[in-house]
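1. Quick one, what's the 3D model for this:
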Amino acid sequence: MILSTTARKPGKPEENLASALAALVPSSAFTKRGGKGFFELYQLARKKGYRRIAIVSSGRLDFIVVEPGDWSWEENYFDDVRLVKAPRLRNVDALRFEGINAGVVAGLFDEEDDKDAEVAVECGEKKMSVTSSGKVVFGLECVLKTRKPVV
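-> Next up, the predicted model:
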């Protein structure tokens, strides 16, 4: 359950990816960023019950963790992001996560791994693909990275 948005001055690819994420992740929504700062996004997410905010910027996908009293950057993020196949699904009820980064990606999307779900997210080293009924319906080239701790 994520609130998906873009950097402040996005291009069409960033808007497409942010919108695609909202369509893919159950109970999620897309909002245009406009002039909203991080605190305003946090307030909107809290008001609507979202626990993560996905922010698509040029070649990058970051996540903000929404806590009751504050927000913080998620430790993991995607870099070198490129949408290679726009999704052809809507109203997804549940996701099944597979591959070497399955647990991390499920956490970023704030989703439980439903082993019986029809829609599967394959989380590889340099790409993420989504299949439904055995057909690829969404593709993303990306590299999962971890932030260096601030000392």
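
2. so what's residue 93 up against?
-> By CB atoms under 8 Å, 6 or more residues apart in numbering, residue 93 lies in contact with 26, 117. C-beta here means a position set from N, CA and C on the backbone, and glycine is covered the same way.

3. Tell me which strands the lengthiest strand in the chain pairs with, and in which orientation.
-> Scanning the chain for the strand with the most residues, using DSSP state E, yields strand 135-146. Using DSSP bridges, strand 135-146 pairs in its sheet with strand 76-85 (antiparallel), strand 127-132 (antiparallel).

4. List the contacts of that strand.
-> 17, 20, 24, 61, 75-89, 101, 104-105, 119, 123, 125-131.

5. cool, stretch 49-57 as well?
-> The contact list for stretch 49-57, computed with CB under 8 Å, 6+ apart, reads 1-7, 10, 14-15, 17-18, 21, 28-29, 33, 41-42, 45, 61-66, 71, 74, 81, 108-110.

6. so what's the closest residue to residue 131 other than its chain neighbours up against?
-> Excluding the flanking residues, the one nearest residue 131 by CB to CB, 6 or more residues apart in numbering is residue 120, at 5.0 Å. Residue 120 is in contact with 95, 96, 97, 98, 130, 131, 132, counting by CB under 8 Å, 6+ apart.
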